[in-house]
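**Student:** please find the sequence and the predicted model below.
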Amino acid sequence: MTDTAESSSGGPEGVKTVEHQVGLFRQYLSRGDVQEQMARFLASPGGTPVEGALPQDVDGPYFVGQVPRRSDMTEGCPGLPLELRFTVLDLAGKPLEDATVTLWHCDPLGYYSGYLGMDPDEWVATATPEGVTAVEWDPPATDDSRFLRGTQPLDEQGVVAFSTVYPGWYFGRAIHIHIKVQVGGEDFWTSQLYLPEEWNKFTEKLPPYNGHSTLERLTNDYEPRLQMPGFRDMIVGLEPITPGRPELGLTGSLTLNITRS
Ligand SMILES: [Fe+2]
């Protein structure tokens, strides 16, 4: 994108600070047409929170439809091992039938497979001195890679487990993992999971995460979604796979009570 950030980021040369990222986003949100779009979304079924259900969110710009069916989605991607287990239930506490769960997230340097041509240190937007002029919410894929993406059916107890690596970060977002539940092959519930700030801080100091040097990481406290009702319930609690040795990997589980809104 065309960006005046290099001189206005306020951080060390070439580093885009949290303040810079948040400032651009606020500028975008202040536009009249964006506020109209948001009002339409909030008035739609997808924008209405349902009592007792975890909140939904958008696919984001890096969704691809066809992903491999697998529990280990790393494909050799370097990073801190992360083992996740989910129990997916309806609002009556029953496992969803004929359901699949799909996860996708970026690598330690912020790249999504399928979009290796997109720079994670730049916003998916065009910023000029006059302001943010365009946001590309649905960019075309740039390649056929599919690492750090996987889909699996739920078992009879509504449980599914994935092996992956701890995600990195990209412009304007806290560290997150996308999740989509389909029932009968149709989209049912889509959202994003977050990870505890304690472990985000721990991981960013490890290689290869510490090679992400031109973009300051947005912490959970700056993530706009995590200031909205219900979204903090999407933070997955984690602990070391091997007690006392977090550098060997982390594990966590979450029960997702969901419904189509
Ligand atoms: Fe994302």
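**Tutor:** All right, it came through fine.
**Student:** strands along the stretch 151-261 of the chain, start to end?
**Tutor:** Along the stretch 151-261 of the chain, counting by DSSP state E, counting those that start in this stretch, strands occupy 159-165, 176-183, 186-194, 239-240, 250-257.
**Student:** so for residue 202, which of those strands sits nearest?
**Tutor:** Residue 202 sits nearest to strand 250-257 of all those, at 8.7 Å, using C-beta to C-beta. For glycine as for every other residue, the C-beta is placed from the backbone atoms N, C-alpha and C.
**Student:** CA atoms only: put the closest one into CSV for me.
**Tutor:** The C-alpha trace of strand 250-257 is given here as CSV (Å, rounded to 0.1, in the frame of the first residue of the first chain):
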residue,chain,number,x,y,z
LEU,A,250,1.8,-25.2,25.1
THR,A,251,-1.6,-26.8,25.3
GLY,A,252,-5.1,-25.6,26.0
SER,A,253,-8.7,-26.5,25.6
LEU,A,254,-12.0,-24.6,25.4
THR,A,255,-15.6,-25.5,25.4
LEU,A,256,-17.6,-23.6,22.7
ASN,A,257,-21.3,-23.2,23.3
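**Student:** what are the pairing partners of that strand, and which direction each?
**Tutor:** Sheet pairing of strand 250-257 (DSSP bridges) gives strand 81-89 (parallel), strand 239-240 (antiparallel).
**Student:** would you list those in TSV and tack on mean neighbour count and mean pLDDT?
**Tutor:** Output for the strands paired with strand 250-257, formatted as TSV (neighbours: other C-beta atoms under 10 Å; pLDDT from 0 to 100):
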stretch	mean neighbour count	mean pLDDT
strand 81-89	19	98
strand 239-240	14	98
